[in-house]
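Enquirer: Need coordinates for the following:
(2 chains)
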Amino acid sequence: MTPVTGNINLSGFGPEQWSDIYRQFARPIYYLVLRLLGNVSQAEDATHDVFLKAYRARDQFKGKSSIKTWLYQIALNHCRTMMQSWHSRNMVTNADDVLATALAPFEKPLRVLMLKELGQRIQRTLDTLPVEYRLLLLLVADEELSYDEVARLTDQAVDAVRGKLYRARKAFTIEFHKQEG
Amino acid sequence: MKLNVKQEHSQEQLQVEGQEQTAREHIRQEFQSVEEMLRADARQVIPPDGIARRLKQTLATEPNPVQRWWQRLRNKL
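Expert: Residues are numbered from 1 along each chain as shown, chains lettered A, B, ... in the order given. As a prediction, this is how the structure comes out:
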């Protein structure tokens, strides 16, 4: 399978070629929606729906962003709809409460005993965070996305991304360490 | 004789303990950043095969897109 890259006209793609698009980008999209929604069944539905929506909108892809960024945008919009009250769930004050009551230092390395428990602990930790923090951490974890692209996807300035990311990392680490007991 | 058996048993025990320690060291993972941890997590998360099959079935029922006039013209030429 030849990787599909940025400046390409997707409007001519039929179902067969779209399977190639799926194979190339399914993992990052599925991972994002899984950790964002925290539910396997919802993540499977969401992944299917994201690629279907993208297929239906393929003639609107102008190559201004990478295909992956475009798919991420569709995924975020889809998850936003699924999670409904997006802004009410941001609950930045909740995140500040987490930081204010933190006892454990957050500079400690993050440890897990076994890789197989990693996913469960990460999901439990992410579930305690506001959606905004969750989203920033997941997007920035993708090394192929620049801060500029993350800022565009989340509709904010790059400086805002950096500032919130700092707080998100801190909140995540504190919550993660809490689970160690 | 008894001493040799004891020595062999101790060596065997040490070997087993050593192997267990190595296994524990391999299993324990430490990450220096949240992003590093999430990347490790992402590497072991694989979309279920069912999604691809379902998508293929769905796409097979999608109508062909309506072509714009210039696309129809291009196809004719």
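Enquirer: Now residue A:63: phi and psi?
Expert: phi 80, psi 10 (degrees, to the nearest 10).
Enquirer: Cross-check the contact I'm expecting between it and residue A:8.
Expert: Yes: Residue A:63 lies in contact with residue A:8 (Cβ atoms under 8 Å); the separation is 6.9 Å. In this view, the C-beta of every residue, glycine as well, is placed from N, C-alpha and C.
Enquirer: After the helix-or-strand element of chain B with minimal mean pLDDT, which helix or strand is next?
Expert: Ranked by mean pLDDT, DSSP states H and E, the helix or strand of chain B with the weakest confidence is helix B:2-27, at a mean of 55. Going down the chain from helix B:2-27, the next helix or strand is strand B:29-31, by DSSP states H and E.
Enquirer: Is that next one positioned near chain A?
Expert: Yes: residues of strand B:29-31 contacting chain A under Cβ under 8 Å from any Cβ of the partner chain: B:29-31.
Enquirer: Save these as JSON lines, and put in neighbour count too.
Expert: JSON lines is the format used below for those (neighbours: other Cβ atoms under 10 Å in any protein chain shown):
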{"residue": "B:29", "neighbour count": "17"}
{"residue": "B:30", "neighbour count": "11"}
{"residue": "B:31", "neighbour count": "18"}
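Enquirer: Dump those to a markdown table, plus pLDDT.
Expert: Below are the residues of strand B:29-31 next to chain A laid out as a markdown table (pLDDT from 0 to 100):
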| residue | pLDDT |
| --- | --- |
| B:29 | 73 |
| B:30 | 82 |
| B:31 | 87 |
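Enquirer: Run the chain-centre distance for stretch A:44-56.
Expert: 15 Å (Cα atoms, centre = their mean, to the nearest Å).
Enquirer: What are the contacting residues of that stretch?
Expert: A:13, A:15, A:18, A:21-22, A:26, A:29-30, A:33, A:37, A:61, A:70-71, A:74-75, A:78-79, A:82, B:47-48, B:50-51, B:54-55, B:58-59, B:62 (Cβ atoms under 8 Å, 6 or more residues apart in numbering or on different chains).
Enquirer: so does stretch A:20-29 get close to chain B?
Expert: Yes: for stretch A:20-29 and chain B, the contact criterion (Cβ under 8 Å from any Cβ) is met by A:22-23, A:26-28.
Enquirer: hmm, the helix or strand hosting residue A:73 in reach of chain B?
Expert: Residue A:73 is part of helix A:67-83, with elements assigned from DSSP H and E. No: Helix A:67-83 lies apart from chain B when judged by Cβ under 8 Å from any Cβ; the minimum separation is 12.6 Å.
Enquirer: out of the contacts of stretch A:44-56, which are buried?
Expert: By neighbour count, with 16 or more other Cβ atoms under 10 Å in any protein chain shown, these hold A:13, A:18, A:21-22, A:26, A:29-30, A:33, A:37, A:61, A:70-71, A:74-75, A:78-79, A:82, B:47, B:51, B:54-55, B:59 as buried.
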